[in-house]
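Engineer: show me how the following folds:
(one chain, ligands or ions: 1)
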Amino acid sequence: MRAGSSSNPTRVGANRLVQLLGHWAGGDGPLYRQLADRIGELVADGSLRSREVLPAERALAAALAVSRGTIVRAYDELASQRAVSRIQGSGTAVSGRSVGVRGRSEQFVGERLWMNGDASVDLLKANPSMLPEVAQLVADVDLAAHTRDLDGTEPLGWWRLRERIADLHTRQGLPTTPHQILVTSGAQQGISLVVTAMARPGDVVLGEEITWPGLIDMVAHVGARFEPVCVDRNGLVLDDLESKIERYRPALMAFNPQHQNPTGSRLPPDRVAVIADLIRRYRIPTLEDRVAVDLGFDRRHLPAFDEYDTGGYGLIAGSVSKVVWPGLRLGWLRADAQVINRLRSHKAVADVFTPAISQILGLTALERYDELVGLRLGQLRPAADLVLDTLRNDLSDWTHAPIRGGLSAWVGLPGQASASAFVQHAGRHGVLIASGRQFTSRAADCSNIRIPFTADAATLHEGLRRIVDAWRTFGHHPVAAGVI
Ligand SMILES: Cc1ncc(COP(=O)(O)O)c(C=O)c1O
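Structural biologist: Numbers count the residues shown, from 1 in each chain. Next comes the predicted model:
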């Protein structure tokens, strides 16, 4: 049966609509009208399709932390524009005709992280800001000296860069040859290549229950199933991991164990060793995402699974995004040389090879890597202190995980307050933040939010002030099972 011809129109869940709405309440005029306008846009661009039934008023009001009256008036406004029809007993259905080519059929967990809110302080993204030394490095690079290299078209990447990345791993305690390196367009492409190559539709991929949405969404994208493994304040819980390996026999495992995004946890070396043993015994390809591994404030070495014997089943995704610049789109995969060779065709299909200019700049940056790590930490540490001071002085009833490095703080709202509702409320106070919902495959609300400390000092200061303001006026919206 073709989409749209079913006699049972699909329902859009409150949480789904919140995702699609993005930052809807930053403009002028009454809230109901801003909401109606934004829903109208979603109908017009095909994100909401004809005959889809909008969430019940009460559920949407809870999810957006507004009164039910606001939703009723917004729906009435849309009905008067004939964009929706109110059908007694069945709810509010989209009636407008979409001009989009096709509606968005996929639901992306991380979608909200990429939204824009021009009038707001953006604390959604955890992108490190540009270091002046990196801007200078980009300005100074002598492309003419690399003319021959600029013509290189090897999908695995430029040999000199592969040597340099291998050397970085070797210096950090993991002997590596250039044959074990594939240059990617950021760590995200490394994740995409591995998931595409190793997980087929219906396969299970294990990952942390709270993790980087670029992984969760990629697993869904290939039709595989993401199964969450429990974490505690130090990361993966070993018993749960082993029982899920036994139960699901996953095609792939993918973890982000060190300075985890978003929880900031660090997996202790004894757990790393046990997991390496599980990887080897069960022979499960396992991708370790180490993008933030060098951002420890104490500069402690945080071992990789592959520093133990994983039997050749370990893979690492790395990049210069966090230390140097995400705009370079320069990352890599490290794995057994045979595995790297098998991934070569996947890379060629994805984008032929990583732009030569990124590779040349990446090599230049990696030649000064240790210095740049020092500069980046010098920028992040005071910013983390600013967040800690605010938590201590102005939000003392909030809890937070220890901040030992990385790019963000993972905080808990008191009294089971709904993080989804709070981020909506904060949005209306002019600050965009991500709730725990953006980092989990489970369609459940929670009481956690992520506060990145990557913005410049003035922006961070203003963003924190708005968060504090928003908290003062936040009504009691507890996490409500089933509403979201
Ligand atoms: C845990 C994690 N993995 C991967 C990525 C993507 O990194 P890249 O910019 O190198 O693609 C990010 C970016 O924020 C991340 O936090």
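Engineer: which bits of this protein sit near the ligand?
Structural biologist: For the chain, the contact set with the ligand under C-beta under 6 Å from any ligand atom comprises 126, 186-188, 212, 214, 256, 261, 289, 291, 319, 321, 326, 331. Using the backbone N, CA and C atoms, a C-beta is placed for each residue, glycine as well.
Engineer: state the distance from the residue in the stretch 151-300 of the chain positioned nearest to the ligand to Gly331.
Structural biologist: For the stretch 151-300 of the chain and the ligand, the shortest gap (C-beta to the nearest ligand atom) falls at Gly186, measuring 2.7 Å. As judged by C-beta to C-beta, to the nearest Å, Gly186 and Gly331 stand 4 Å apart.
Engineer: also Arg200?
Structural biologist: 24 Å.
Engineer: and the two? Which one has more around it.
Structural biologist: Comparing Arg200 with Gly331 by neighbour count (other C-beta atoms under 10 Å), the higher total belongs to Gly331, at 26 against 11.
Engineer: which residue, other than its chain neighbours, is closest to that one?
Structural biologist: Ser319 (3.2 Å; C-beta to C-beta, 6 or more residues apart in numbering).
Engineer: surely the one you found meets Trp332?
Structural biologist: Yes: when contacts are counted by C-beta atoms under 8 Å, Ser319 is listed as touching Trp332 (7.1 Å).
Engineer: returning to what we had before: distance of the residue nearest to Gly331 from Trp325?
Structural biologist: 10 Å.
Engineer: check contacts around Leu150.
Structural biologist: By C-beta atoms under 8 Å, 6 or more residues apart in numbering, the contact set of Leu150 is 143, 356-357, 360.
Engineer: now do Arg73
Structural biologist: Arg73 neighbours (C-beta under 8 Å, 6+ apart): 30, 32, 36.
Engineer: does it sit in a helix, a strand or a coil?
Structural biologist: Secondary structure, DSSP: H, G, I helix; E, B strand; the rest coil: Arg73 is helix.
Engineer: for the ligand, see how far away it is.
Structural biologist: Distance of Arg73 to the ligand, given as C-beta to the nearest ligand atom, to the nearest Å: 38 Å.
Engineer: cool, Ala444 as well?
Structural biologist: 21 Å.
Engineer: now swap in Lys347 and tell me
Structural biologist: Distance of Lys347 to the ligand, computed by C-beta to the nearest ligand atom: 14 Å.
Engineer: what does Gln81 give?
Structural biologist: 39 Å.
Engineer: and for the residue nearest to that residue when sequence neighbours are not counted, the neighbour number?
Structural biologist: Leaving aside its chain neighbours, Gln81 sits nearest to Gly40 (6.7 Å; criterion: C-beta to C-beta, 6+ apart). By other C-beta under 10 Å, 18 other residues sit near Gly40.
Engineer: also Arg249?
Structural biologist: With other C-beta under 10 Å as criterion, Arg249 counts 11.
Engineer: thinking again about what came up before, residues shared between the contacts of Ser319 and Trp332?
Structural biologist: In contact with both Ser319 and Trp332: 184, 190, using C-beta under 8 Å, 6+ apart.
Engineer: for the two, indicate the residue with more neighbours.
Structural biologist: Higher neighbour count among Ser319 and Trp332: Trp332, with 29 against 25, using other C-beta under 10 Å.
Engineer: about what we covered before: which of the contacts of Arg73 tops the neighbour count?
Structural biologist: Ala36 (26 neighbours).
Engineer: gap between that residue and the ligand?
Structural biologist: 34 Å.
Engineer: now whatever helix or strand that residue lives in: average pLDDT?
Structural biologist: Using DSSP states H and E, Ala36 maps to helix 31-44. In this model, helix 31-44 carries a mean pLDDT of 89.
Engineer: what is the least confident helix or strand in this protein?
Structural biologist: One helix or strand of the chain scores below all others by mean pLDDT, DSSP states H and E: helix 147-150, with a mean of 74.
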